[in-house]
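Student: Using only what follows, build the 3D model:
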Amino acid sequence: MQPHPYLDIHPDVAQALAEGRPVVALESTIISHGMPYPQNVETALRVEAQVRAHGAVPATIAILGGRLKAGLSPEHITQLGRAGAAVTKVSRRDVPFIVARGGIGATTVAATMLVAAMAGIRVFATGGIGGVHRGAAQSFDVSADLQELARSPVAVVCAGAKAILDLRLTLEYLETHGVPVVGYRTDRLPAFYTTDSGLPVDYRLDSAREIAQALHAKWAMGLAGGMVVANPVPAEHAMPQQQVDAAIAQALREADEQGIGGKQSTPFLLARVAALTGGDSLATNIALVLDNARLAAGIAVELQALGGYDGGAADGHASCL
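Tutor: A predicted model of the protein is given here:
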């Protein structure tokens, strides 16, 4: 296949893919928009180290100089972290525009899945996915993450959908589009900061190997799309439900009063919840993304042991840096 004209794969990632070794994709919005500096850079580097420690190669994804990047250097990660919210938050719809103007973009879950699939990476770790926003019956505000899960063959390991969302409607949307939601050692959907939303998952699987077997079967049968692997935040890092609910309610009121919506709503709400909880939610966010990286690496290792599923890059293999 011809090299993809817009995608660069870091040499370490390219070598791992060529040798059939496990790779885990990581997003960059969490760096530029999910946490303050310097915790964002420190966390991103710790997450990459966690992936390596559990047998896989990390591939943090972003857009730099108009190039899609699967795998970043520490210097690139620091650049994204220092720039923070000045970096464009990029979902699927934004990708061609940031590429065409040679810009810099931090990829959301949707855009990270898009680039991961293009590179042939099948497992992705993040904090929490987007979903159906509260009040969506009036606003029609539904994250592009959900459509991307129905489209791209990438498993997303997360601590459920972000608790600021309407979790019940998020599950309904995923069900409608054929996206399975798997609970890792749980029968209930975790709610990002807390371990239990009270809502059931589609399937409970208790090992990385079982999850890899389900993924292998799905893609071997030619079934489109990915899978949500919901991994509850470690219990010792979970927040009290009452504290979370109160902070979210106040943050939602403030967002409404200030007219904040669309792609700006999630960063605003997460930042306000962090401030209103005295930083407790930031500590929880860091703990859960590290744990998700650990599980994702385990799944990637098991998937490769089953023969892997390169799936082919969407438009051919990408070039190295």
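Student: Report the secondary structure state of Ala83.
Tutor: Secondary structure state of Ala83, per DSSP: H, G, I helix; E, B strand; the rest coil, is helix.
Student: pLDDT at it, what is it?
Tutor: Predicted confidence (pLDDT) for Ala83: 97.
Student: Give the closest residue to it in space, chain neighbours not counted.
Tutor: Using Cβ to Cβ, 6 or more residues apart in numbering and skipping the chain neighbours, the partner closest in space to Ala83 is Ser32 (6.4 Å). Backbone N, C-alpha and C define where each C-beta goes, glycine included.
Student: State the distance from the one you found to Ile104.
Tutor: Computed with Cβ to Cβ, to the nearest Å, the distance linking Ser32 and Ile104 is 9 Å.
Student: Verify the stated contact: the residue nearest to Ala83 with Gln79.
Tutor: No: proximity of Ser32 to Gln79 does not meet the contact threshold set by Cβ atoms under 8 Å, at 9.6 Å.
Student: More neighbours: the two, which one.
Tutor: Each of Ser32 and Gln79 had its neighbours counted (other Cβ atoms under 10 Å), and the higher figure belongs to Ser32 (29 against 18).
Student: Quick one: residues contacting the more buried one.
Tutor: The neighbours of Ser32, taking Cβ atoms under 8 Å, 6 or more residues apart in numbering as the test, are Asn40, Leu80, Gly81, Ala83, Gly84, Ala85, Val87, Lys89, Ala106.
Student: Touching, the fifth one and Gln39? I think so.
Tutor: No: counting by Cβ under 8 Å, Gly84 stays clear of Gln39, with 11.3 Å between them.
Student: all helices for this structure, in order.
Tutor: Under the criterion DSSP state H, the chain contains helices at 11-18, 29-32, 39-53, 74-83, 95-100, 109-119, 136-139, 144-151, 167-176, 208-220, 241-257, 265-276, 280-305.
Student: can you give me the angle the third one makes with helix 11-18?
Tutor: The directions of helix 39-53 and helix 11-18 differ by 40 degrees, with axes from the mean of the first three to the mean of the last three Cα atoms, to 10 degrees as the criterion.
Student: The longest one too?
Tutor: Following the same axes, to 10 degrees, one obtains 40 degrees for the angle between helix 280-305 and helix 11-18.
Student: Could you give the number of residues near Gln264?
Tutor: Under the neighbour criterion other Cβ under 10 Å, Gln264 is assigned a count of 15.
Student: confidence score at it?
Tutor: The predicted local distance difference test score for Gln264 is 77.
Student: Show me what stretch 273-292 is in contact with.
Tutor: Taking Cβ under 8 Å, 6+ apart as the criterion, the residues outside stretch 273-292 that touch it are 30, 34-36, 39, 43, 46-47, 50, 125-128, 157-159, 164, 192-193, 231, 233-234, 237-239, 243-244, 246-248, 250-251, 270.
Student: where does the stretch 201-321 of the chain have low pLDDT?
Tutor: For the stretch 201-321 of the chain, the stretches flagged by pLDDT under 70 are 263, 309-321.
Student: for the stretch 51-200 of the chain, same thing?
Tutor: Within the stretch 51-200 of the chain, no range satisfies pLDDT under 70.
Student: Can you list phi and psi of the closest residue to Gly135 other than its chain neighbours for me?
Tutor: In space, and not counting its chain neighbours, Gly135 is closest to Asp141: 7.4 Å by Cβ to Cβ, 6+ apart. Taking degrees, to the nearest 10, you get phi -90, psi 100 for the backbone angles of Asp141.
Student: now Glu48: how far from Ala220?
Tutor: Per Cβ to Cβ, Glu48 is found 30 Å from Ala220.
Student: Now do the phi/psi pair for the residue nearest to Gly71 when sequence neighbours are not counted.
Tutor: In space, not counting the residues next to it along the chain, Gly71 is nearest to His10; the distance is 2.6 Å by Cβ to Cβ, 6+ apart. Here the main-chain torsion angles of His10 (degrees, to the nearest 10) amount to phi -60, psi 140.
Student: try Glu27
Tutor: Dihedral angles of Glu27 (phi, psi; degrees, to the nearest 10) stand at phi -90, psi 170.
Student: residues in contact with stretch 202-209?
Tutor: Residues outside stretch 202-209 that contact it (Cβ under 8 Å, 6+ apart) are 175, 180-187, 211, 214, 295, 298-299, 301-302, 305.
Student: mind listing what Ala25 touches?
Tutor: If you count contacts by Cβ under 8 Å, 6+ apart, Ala25 has them with 59-61, 70, 112-113, 115-116, 119, 121, 123-125, 154.
Student: chain center to stretch 187-202: distance?
Tutor: With Cα atoms, centre = their mean, to the nearest Å as the basis, stretch 187-202 stands 17 Å off its chain's centre.
Student: what comes up buried for it?
Tutor: Buried residues in stretch 187-202, counted by 16 or more other Cβ atoms under 10 Å: Arg188, Leu189, Pro190, Ala191, Phe192, Tyr193, Thr194, Thr195, Ser197, Leu199, Val201, Asp202.
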